[in-house]
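J.: Fold the following for me, if possible:
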Amino acid sequence: MPLDRATLRELLSRDLTESLIRVGLIALLVVMCVRIIAPFVNLVVWALILAIVLHPLHNRLARSLGGRQGLAAAALVVLGLLLLGVPTAMLGSSFAGHLHDAYIAVKNHTLMIPPPNPHVAEWPIVGERLFDTWSSMAANLPAYLEENRALIRNLTQQVLSAAANTAGAVMLFLGSMVVAGIMMAYAESGDRAMQRLFNRLTDPVRGPRLKKLATATVRSVAGGVIGVAFVQAILLGLGFMLAGIPAAGVLALIVMFIGILQLPVVLVSLPSVVYLWWSGDGSMTSNIIYTVYLLLAGMADNVLKPLMLGRGVNAPMLVILIGAVGGMVSAGIIGLFVGSVLLAVSYQLFMEWVGSSEASPGAEPGLAEAARKDEPR
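T.: Numbering: from 1, shown residues only. As a prediction, the model looks like this:
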C-alpha cells in the first residue's frame with residue numbers, strides 16, 4: 001500500500017534523527033580517543049619504526065634462544081639502551097648544557113667574542129654586514145645586546161626551548177626503545193593485525209603487497225639513511241667529547257643533518273681534526289689516536305650503508321629531506337627521525353596507488369601473481 005506524505009515524512013525524520021545521533025556519538029567517541037592517544041602518538045610511532053627496523057634481528061636472536069620471543073626482545077632492548085641510549089643521553093645532555101651555558105654567559109655579560117678576521121669583510125654579499133655586526137659584538141657585547149634586546153629575548157626563548165626539546169627527545173627515545181621491545185615480543189599477532197588492516201583498506205590481493213612495500217620503505221629509510229646518520233652522529237659525538245672539542249653535542253647534531261643530506265661527514269670531522277692539532281692541548285699520541293678515530297668515524301657510512309640499507313624501496317632524497325626538515329620544524333628533534341620515514345612511506349604508498357590505477361582490469365591476475373611472489377615463504 002503506498003505511503004502518504006505525512007507517514008513518509010515521519011519515517012524520514014525518525015531515520016534521519018537516529019542517523020545523526022549515531023554519527024554524532026561516533027564522532028564524539030573518535031574525538032575523545034584522539035585526545036587520549038595524542039600525547040603518546042610520537043612515542044608509539046617512533047617505537048613502531050624501531051620495531052620494524054629491528055624485527056629481522058629480533059627473529060634471528062629469538063631462533064638462537066629457542067624461539068623465546070619475549071627474552072629476545074628484552075635482550076635487544078637492554079643492548080640497544082646500552083649501545084645507543086647511553087651515548088644519546090650523554091650527547092643530548094652535552095647539547096642542552098652548551099645551550100644553557102651560552103644563555104647564562106649572555107645573561108651575566110661574561111660571554112667573550114673574539115674580533116673577526118679582516119678577510120670576513122671580503123666575503124661576497126654578506127661579508128661587510130657580517131664584519132660590522134661581528135666587530136660591534138666583539139667590541140662591546142653588553143651594549144650590542146642592549147640595542148637588540150627584543151631580538152635577543154626571542155633568540156633566548158628559542159635556545160631554551162631547543163634545550164628542553166632535546167632533553168624531552170632523549171627521554172622519548174629511551175622510552176620508545178622499551179615500547180619497541182614490547183611490540184617485537186608480540187610481533188606475530190601485530191603482523192596479522194596490520195595485514196587485516198591493509199586488506200580491509202584495499203583488498204586481499206593488494207593488501208599484502210602494500211604492507212610489504214610499507215615495511216620495506218620503513219627499513220630502507222630508517223635504517224639506510226636515518227640510522228646511518230644517527231650512528232655516525234653518536235660515534236663522532238663521543239669522539240668530540242673525548243678529544244675535548246668544544247660543543248660536541250652541537251657538532252653531533254650537525255653531523256646528523258649532513259648525514260641525512262647524504263653529504264660526506266668528513267666536512268665536520270676533518271675541521272675537527274684540524275682544530276685538535278691547532279689547539280695544541282693534547283699530547284702527540286692522543287692527537288694521533290683521536291685523529292685516526294675521527295677520520296674513520298667520518299667515513300664509517302661507507303661500511304654502515306651496505307650493512308643497514310636493506311632491499312627496501314628507496315624514496316627520492318628530496319622526499320626524505322623535506323620530511324626531515326618539516327618534521328623537525330613541526331615536532332622538534334623527534335620529527336627529524338619520524339618525519340622523513342612517514343613521508344617516505346606515504347610517498348611510496350601514493351605512487352603504488354597511482355601505478356595500480358593505471359592497470360587494466362585484465363591485468364588483475366598478474367597483480368595477484370606478483371603479490372603471491374612477494375609474500376615471504
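J.: State the number of residues packed around Val218.
T.: 23 (other CB atoms under 10 Å). Just so you know, the C-beta spots here come from the backbone N, C-alpha and C atoms, and that holds for glycine as well.
J.: Ser136 too?
T.: Ser136: 15 neighbours (other CB under 10 Å).
J.: Which residue, neighbours along the chain excluded, lies closest to it?
T.: Spatial nearest neighbour of Ser136, chain neighbours left out: Tyr144 (5.1 Å); criterion: CB to CB, 6 or more residues apart in numbering.
J.: and that neighbour, what helix or strand is that in?
T.: For Tyr144, the element it lies in under DSSP states H and E is helix 141-147.
J.: average pLDDT for that helix?
T.: Averaging pLDDT along helix 141-147 gives 70.
J.: before we move on, back to that, thought the residue nearest to Ser136 was touching Ser135?
T.: No. Taking contacts as CB atoms under 8 Å, Tyr144 lies outside contact range of Ser135: 9.9 Å.
J.: Quick check: which element contains Ile113?
T.: Ile113 belongs to no helix or strand, assigned by DSSP H and E.
J.: can you count the residues close to it?
T.: Neighbour number of Ile113 under other CB under 10 Å is 13.
J.: residues contacting Val179?
T.: Going by CB atoms under 8 Å, 6 or more residues apart in numbering, Val179 touches Leu43, Val44, Ala47.
J.: On the pLDDT front, check it for me.
T.: 90.
J.: Is it within a helix or a strand, and which one?
T.: Counting by DSSP H and E, Val179 is found in helix 149-185.
J.: Restricted to strands, list the contacts of Val179.
T.: Using DSSP state E, no member of the contacts of Val179 sits in strands.
J.: export those to a markdown table and tack on distance to Met90, neighbour count and pLDDT?
T.: Shown next, in a markdown table, are the contacts of Val179 (distance: CB to CB, whole Å; neighbours: other CB atoms under 10 Å; pLDDT from 0 to 100):
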| residue | distance to Met90 | neighbour count | pLDDT |
| --- | --- | --- | --- |
| Leu43 | 22 | 18 | 85 |
| Val44 | 26 | 14 | 87 |
| Ala47 | 22 | 23 | 88 |
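J.: how much space between the residue nearest to Ser136 and Ala297?
T.: As judged by CB to CB, to the nearest Å, Tyr144 and Ala297 stand 38 Å apart.
J.: So those two - more neighbours on which side?
T.: Neighbours per residue (other CB under 10 Å) separate Tyr144 from Ala297, with Ala297 holding more: 23 against 16.
J.: Pull out the buried residues from the helix or strand hosting Trp353.
T.: Secondary structure from DSSP H and E places Trp353 in helix 333-357. Buried residues in helix 333-357, counted by 16 or more other CB atoms under 10 Å: 333-345, 347-348, 352, 356.
J.: need the strands for this structure, in chain order.
T.: Going by DSSP E, the chain shows no strands.
J.: Return the helix or strand in it with minimum mean pLDDT.
T.: Within the chain, no helix or strand scores below helix 364-374, which has a mean of 42 by mean pLDDT, DSSP states H and E.
J.: burial of Ala248, as a residue count?
T.: Residues near Ala248, counting by other CB under 10 Å, number 24.
J.: dump the residue contacts of it.
T.: Ala248 makes contacts with Leu91, Ser94, Gly237, Phe240, Met241, as judged by CB under 8 Å, 6+ apart.
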